[in-house]
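Colleague: can you look at this prediction? I've put the sequence above it.
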Amino acid sequence: MQAQIPAELRRRFRAARRVCVLTGAGVSAESGVPTFRGGGGAAVWKGMPFDVISSAAMIERDLKSVWEWFDYRRDLIGSVHPNPAHEALARWQNLFGDFTLVTQNIDGLHQAAGSREVIELHGNIWRAKCMACGATEMLSLEQTRLRPPACVECGSEMRPDVVLFGEMLPMQDFTKAANKAVECELFFVVGTSALVYPAASLPEIAKGAGAYVVEVNPEPTALSAVCDETLSGKAGEVLPLFDVRDEDTLF
């Protein structure tokens with residue numbers, strides 16, 4: 001059964017000036033991106049669990065293999081496209097005076113849909129970071145075949161600019177996201193199981209600061225009890241419903 005947007009939530013959506021959205025792997029999964037957490041994809045790659053090959057320790061031990069693993073992941077997502085959820089959120093940025101999109105996803109699909117200034121808590125699989133000077137560069141699929149790529153600034157080895165197992169989130173990005181969670185009137189948490197902290201704390205931060213928190217997910221999560229409203233369904237089916245005019249709805 002398709003989710004419906006309650007009248008009170010629609011009223012809040014239209015009246016809001018400051019809105020923050022957190023998206024997780026479920027949004028990308030609707031485009032065909034493997035989640036690696038029970039939603040398809042390789043749990044083991046070349047005999048190594050994905051959380052081992054995607055670890056900070058592996059960067060130190062075998063950088064070439066880490067690049068090969070992320071090349072494999074880029075190949076998986078290279079042909080996928082933004083879905084209606086990505087497209088709806090790109091439209092939302094033009095509806096509110098202060099709109100913030102925070103994502104746990106690393107695939108760049110929000111930007112591909114037209115979203116600007118996305119806070120990428122876990123980095124971007126298409127970006128490399130110099131291990132010496134910290135310079136970053138967006139790489140094409142062809143450029144990543146050099147394993148590892150060389151920094152254009154200093155010539156040193158580069159690594160995937162993503163948060164690996166055993167690493168902390170970039171504090172500047174998380175602080176910005178947390179501040180926006182505090183300031184917003186309406187907070188959406190979309191397509192995430194709310195298991196990965198500290199990102200999963202953002203809805204709780206927003207709730208504690210007085211925001212109306214809305215969850216969009218096919219199944220209940222650990223956050224469901226915290227949220228003011230839960231819309232059960234796929235993000236790509238639910239989020240576009242906010243574009244529908246009152247006279248076009250049946251509720």
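Modeller: That came through, no problem.
Colleague: by mean pLDDT, which helix or strand of the chain comes out lowest?
Modeller: strand 44-45 (a mean of 82; mean pLDDT, DSSP states H and E).
Colleague: what's in contact with the very next helix or strand once past that strand?
Modeller: Next helix or strand after strand 44-45 toward the C-terminus (DSSP states H and E): strand 48-49. Under the criterion CB atoms under 8 Å, 6 or more residues apart in numbering, residues Ala43 lie in contact with strand 48-49. Placement of C-beta: from N, CA and C, glycine included.
Colleague: what's the next secondary structure element after strand 48-49?
Modeller: The C-terminal neighbour of strand 48-49 among helices and strands, as given by DSSP H and E, is helix 50-53.
Colleague: just checking, what packs against that next one?
Modeller: helix 63-77 (3 or more CB pairs under 8 Å, 6 or more residues apart in numbering; DSSP states H and E).
Colleague: okay, buried residues for the helix it packs on please.
Modeller: Residues of helix 63-77 classed as buried by neighbour count (16 or more other CB atoms under 10 Å): 63, 65-71, 73-74, 76-77.
Colleague: reformat the residues you listed as a markdown table; add distance to Trp126 and pLDDT.
Modeller: Listed next are these as a markdown table, based on distance: CB to CB, whole Å; pLDDT from 0 to 100:
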| residue | distance to Trp126 | pLDDT |
| --- | --- | --- |
| Leu63 | 18 | 95 |
| Ser65 | 19 | 94 |
| Val66 | 15 | 94 |
| Trp67 | 13 | 93 |
| Glu68 | 16 | 92 |
| Trp69 | 15 | 92 |
| Phe70 | 10 | 92 |
| Asp71 | 11 | 89 |
| Arg73 | 11 | 90 |
| Arg74 | 7 | 89 |
| Leu76 | 13 | 87 |
| Ile77 | 9 | 89 |
